[in-house]
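**Q** Have a look at this prediction, sequence included:
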Amino acid sequence: MEVLDVKEIPTHVFQLKHRHDTASKSLALVIPGSPGMGHFYIPFATRLFQLGGGSYDIAIVSHAGHSPGFLRPTTVEHHRQAGDFSGKSVEKPEATNMPNTHDDGGSSLDATQHSATISEDRDWYCLEEQIAHKLAFIEQYASHVDTVYLIGHSIGSWIVLQMMKVIEPSKVKKIVLLFPTIELMGETPKGILLAPLFSSLRLPFTFGVWCLSWIPDAAKRFLLKHHFYTTPDDQVRHMTQGAINIDSKAIHNVLCMAKQEMAEVTLPPLEVIDAHIDKIVFYYGVGDKWNIDSCYSNMCERYPDHEEVHLCKQGYAHAFVETSSNEMAKFVFSKILP
């Protein structure tokens, strides 16, 4: 895991590249769920890379502000004053109506189309800024790539679909959405259960995380290993590494963005899905508490001829990175390089 400047935001990025004489022309880009720390996805990405056998490079881009220790109010203020995020207020993203920058036939990315402001009273990165952040990564570090495979998990699936309003379609070969949360998030069992945590209990919970940060690392590792007791040994190290350094600032970002998700991720971006349905693979979980039961059936009804709307039959959890990274990597590989 390395730290890269993405839109001048220090960001944890995990990359695996084959040793070619020239840079690889294909990239599998993993957009995390939330919390959006790339450490959690390393076993999944590593296995996917191995299965590819040189067909593509891989990158996991952590969410802006979710990397422990990398976001402070002064950092956000710097971006606001520098004009990195334009506008006067944070606009609620439309479900189906966002400018498409490649209508004129151009192929360049314009991340400013998805830039919202850091307001005077907000010190966290919103969903629109997360979209701009991922587009900026492609523009800064993958402009040489001819083929992109976009892999989104949970809210990362929604971010991926929003990115497709900007990315040149011919550049993207496949879009794989794992346990996608792209509609009715506030009405899901988890959304209802955790709503107080995202609002009235956010500050007490954040303070609790700050208190826990003073616990010695050895004690944290002991507690985390017990929490991840069902996680295979080859995965638990990365899960622990990702969680052990979590701080109150990162948790503040995660919870604030989650509150926005509950309010704004209501309708699926059908215009985007309609335009790219031939490239999209949906993978829903049975009993997934971050979806209501009708999400899978509704998608099947909307696209009855589309064979890539899957329902998990193996019982994998929404947080598949805890127990099923290898299995999900095999599924994704079968879809991007059948």
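**A** Yep, it's here. Bear in mind that the values here come from a model prediction, so they are computed numbers and not experimental data.
**Q** which SS state does Tyr128 fall under?
**A** Careful, residue 128 is Glu; it's not Tyr. helix (DSSP: H, G, I helix; E, B strand; the rest coil).
**Q** neighbours of it, just the number please.
**A** 24 (other Cβ atoms under 10 Å). C-beta coordinates here come from the backbone N, C-alpha and C atoms, glycine included.
**Q** What of Ser200?
**A** By other Cβ under 10 Å, neighbour count at Ser200 equals 9.
**Q** tell me the SS of it?
**A** State at Ser200, reduced to three classes by three-state DSSP: coil.
**Q** and it, what are its phi and psi?
**A** phi -70, psi -30 (degrees, to the nearest 10).
**Q** Could you do Lys7 as well?
**A** phi 60, psi 40.
**Q** in terms of contact, does it touch His133 like I think?
**A** Yes. Counting by Cβ atoms under 8 Å, His133 is a contact partner of Lys7 at 5.7 Å.
**Q** what sits against the residue nearest to Met262 when sequence neighbours are not counted?
**A** Nearest residue to Met262, sequence neighbours excluded (Cβ to Cβ, 6 or more residues apart in numbering): Gly186, at 3.9 Å. The neighbourhood of Gly186, defined by Cβ atoms under 8 Å, 6 or more residues apart in numbering, consists of Ile192, Ala195, Met262, Ala263, Val265, Thr266.
**Q** coming back round to it: so for Lys7 and His133, which sits in the more crowded spot?
**A** Using other Cβ under 10 Å, the more surrounded residue of Lys7 and His133 is His133, with 24 against 20.
**Q** then the helix or strand containing that one to PDB, C-alphas only?
**A** Assigned by DSSP states H and E, His133 belongs to helix 127-141. What follows is helix 127-141, C-alpha atoms only, in PDB (Å, rounded to 0.1, in the frame of the first residue of the first chain):
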ATOM      1  CA  LEU A 127     -20.100  11.600  -2.600                       C
ATOM      2  CA  GLU A 128     -19.600  14.000  -5.500                       C
ATOM      3  CA  GLU A 129     -16.000  14.600  -4.300                       C
ATOM      4  CA  GLN A 130     -15.400  10.900  -4.100                       C
ATOM      5  CA  ILE A 131     -16.500  10.500  -7.700                       C
ATOM      6  CA  ALA A 132     -14.200  13.400  -8.800                       C
ATOM      7  CA  HIS A 133     -11.400  11.800  -6.700                       C
ATOM      8  CA  LYS A 134     -11.600   8.400  -8.500                       C
ATOM      9  CA  LEU A 135     -11.800  10.100 -11.900                       C
ATOM     10  CA  ALA A 136      -8.700  12.200 -11.000                       C
ATOM     11  CA  PHE A 137      -6.800   8.900 -10.200                       C
ATOM     12  CA  ILE A 138      -7.600   7.600 -13.700                       C
ATOM     13  CA  GLU A 139      -6.500  10.900 -15.300                       C
ATOM     14  CA  GLN A 140      -3.300  11.200 -13.200                       C
ATOM     15  CA  TYR A 141      -2.100   7.600 -13.000                       C
END
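**Q** For that helix, could you pull out the residues that count as buried?
**A** By 16 or more other Cβ atoms under 10 Å, the buried positions in helix 127-141 come out as 127-139, 141.
**Q** Now that helix: average pLDDT?
**A** For helix 127-141, mean pLDDT rounds to 96.
**Q** and it, how far from the chain's centre?
**A** Relative to the chain's own centre, helix 127-141 is displaced by 11 Å; criterion: Cα atoms, centre = their mean, to the nearest Å.
**Q** what's the burial count for His306?
**A** The number of residues near His306, taken as other Cβ under 10 Å, comes to 15.
**Q** Three-state assignment for it, please.
**A** Three-state call for His306 (three-state DSSP): coil.
**Q** Tell me who's in contact with it.
**A** Counting by Cβ under 8 Å, 6+ apart, His306 touches Ile277, Ile280.
**Q** Distance check, it against Ile9.
**A** 36 Å (Cβ to Cβ, to the nearest Å).
**Q** elements contacting the helix or strand hosting Arg47?
**A** Assigned by DSSP H and E, Arg47 belongs to helix 42-52. If contacts are counted by 3 or more Cβ pairs under 8 Å, 6 or more residues apart in numbering; DSSP states H and E, helix 42-52 sits against strand 9-16, strand 26-31, strand 57-61, helix 233-244, helix 325-336.
**Q** All the helices of the stretch 51-200 of the chain, residue numbers only.
**A** 73-82, 127-141, 155-163, 189-198 (DSSP state H, counting those that start in this stretch).
**Q** Including distance to Asp57, could those go into a markdown table?
**A** Listed next are the helices of the stretch 51-200 of the chain as a markdown table, based on distance: least, Cβ to Cβ, whole Å:
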| stretch | distance to Asp57 |
| --- | --- |
| helix 73-82 | 28 |
| helix 127-141 | 10 |
| helix 155-163 | 18 |
| helix 189-198 | 33 |
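**Q** hang on, the earlier thing: pick out the shakiest of the helices and strands packed on helix 42-52, pLDDT-wise.
**A** Minimum mean pLDDT among the helices and strands packed on helix 42-52: helix 233-244, a mean of 64.
**Q** Brilliant, that's me finished.
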